[in-house]
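Enquirer: okay, predicted coordinates and the sequence, questions at the end:
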Amino acid sequence: MLSRVGENLYWMARYLERAENSARLINVNTNLLLDLPKRVQPGWEPLIEISGSRSDYTSQYPTIDERSVVKYLIGDTNHPGSILSSLGFARENARTVRDFMPRETWENVNELYLYAKGNLASGLGHRRRYEYLRGIIHGVQQISGLLAGTMTHDEGYNMLRMGRNLERADMTIRIIDVRSANLLPELSKELTPFENIQWMSVLKSLSAYQMYRRAMQVRVRRPDVLRFLFKERLFPRAFYHTVTEVESCLEYLPRREAPLRCVSDLKERVAAAHPENFDQRELHEFIDTLEIGLIDLNRAISDTYFLANVTSA
């Protein structure tokens, strides 16, 4: 398989996953604001923090309000991480490797981009936003299912899986880091139930609520949520599971020694940690080490399998 093809497949999967994750976040945040009293609402600023683009946002928008943040995260083509930009990048990567995937994949990616662009007004408005974002989520899931069921599970498919799971790993710890820092740290006892609602929002941002209840069989509490999202081995969006999936993909690829060392380091760090006992500072520092590990892993994959003069973001 050509290096260019592998890189395009890898980044197509990352961009699709990024669009789906952003859609989930916006939907969950919209619903969360309806559940919390106004005096304890986190607002829309955490979504900018999760996207890691505060400086870019503030250079374009004077205030952090719902209308501006939703426009920035959904339809701002000057923002490379917006849903529309991510789907556009995924579409371009898919276009260049159409011969390596089932024909329906390219058609579905193209249709999803046209849906996102053509119905953008629905996503920016409040009334039909949920329906619009649900269409994005279902569209990405349909593409993932189509690839799993109809694409040959060779090197190209493993590049797709690696990209998807690296993006999931990154989003999972970003959500934990930012959301936990905004989870009502100093509220009176009568507001404690609202802290549980916010931890539920963390789980729902990752579509993890039902699986958390099934696996942990306890009410939603900070220590149990952290343990589940970092260390659960069977839930697809838990951090440990995502890096294990990357490891399984690398087993089918040549020259895998450098990326495998990065994966082993990440798994060892998570396995040895006790995130349920961390205070906020310790949790943030722990997540920083994982973020650096993911950057190193992405670099190792790029250096091993992709062309040095081709860059993606």
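Expert: Received, thanks.

Enquirer: in terms of secondary structure, what does the worst-scoring helix or strand of the chain on mean pLDDT contact?
Expert: Sorting the helices and strands of the chain by mean pLDDT, DSSP states H and E puts helix 192-205 at the bottom, at a mean of 78. In terms of contacts (3 or more C-beta pairs under 8 Å, 6 or more residues apart in numbering; DSSP states H and E), helix 192-205 is packed against helix 3-35, helix 155-181, helix 209-216, helix 222-231. (Each C-beta comes from the backbone N, C-alpha and C, glycine too.)

Enquirer: possible to save the ones you listed as a markdown table with distance to residue 130, mean pLDDT and mean neighbour count?
Expert: Converted to a markdown table, the helices and strands packed on helix 192-205 look like this (distance: least, C-beta to C-beta, whole Å; pLDDT from 0 to 100; neighbours: other C-beta atoms under 10 Å):
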| stretch | distance to residue 130 | mean pLDDT | mean neighbour count |
| --- | --- | --- | --- |
| helix 3-35 | 6 | 90 | 22 |
| helix 155-181 | 19 | 92 | 23 |
| helix 209-216 | 17 | 93 | 15 |
| helix 222-231 | 24 | 94 | 20 |
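
Enquirer: which one of those lies nearest to residue 112?
Expert: Across these, residue 112 has its closest neighbour in helix 3-35 (8.3 Å, C-beta to C-beta).

Enquirer: which helices and strands sit right next to that closest one?
Expert: Checked by 3+ C-beta pairs under 8 Å, 6+ apart, helix 3-35 has helix 45-51, helix 66-74, helix 83-96, helix 103-118, helix 129-150, helix 155-181, helix 192-205, helix 280-305 packed alongside it.

Enquirer: counting by contacts, list what the third one packs against.
Expert: By that I understand helix 83-96. helix 3-35, helix 66-74, helix 103-118.

Enquirer: who touches that helix?
Expert: Contact partners of helix 83-96, identified using C-beta atoms under 8 Å, 6 or more residues apart in numbering, comprise 4, 8-9, 11-12, 15-16, 18-19, 22-23, 73-77, 79-80, 101, 105-106, 109-110, 112-113, 116-117, 120, 123, 136.

Enquirer: what's the answer for the shortest one, then?
Expert: When contacts are taken as C-beta under 8 Å, 6+ apart, the neighbours of helix 45-51 outside the stretch itself are 22, 25-26, 29, 54, 57, 64, 69, 72-73, 81, 171, 174-175, 178-179, 182.

Enquirer: how about stretch 227-245: buried residues?
Expert: 227-232, 235, 237-245 (16 or more other C-beta atoms under 10 Å).

Enquirer: what is the nearest of those residues to residue 154?
Expert: residue 245 (16.5 Å).

Enquirer: from residue 231, how far out is the closest one?
Expert: For residue 245, the distance to residue 231 (C-beta to C-beta, to the nearest Å) stands at 15 Å.

Enquirer: now do residue 241
Expert: 9 Å.

Enquirer: how about residue 297?
Expert: Counting by C-beta to C-beta - residue 297 and residue 231 are separated by 18 Å.

Enquirer: below-threshold pLDDT in the chain: ranges please.
Expert: 33-42, 182-195, 308-313 (pLDDT under 70).
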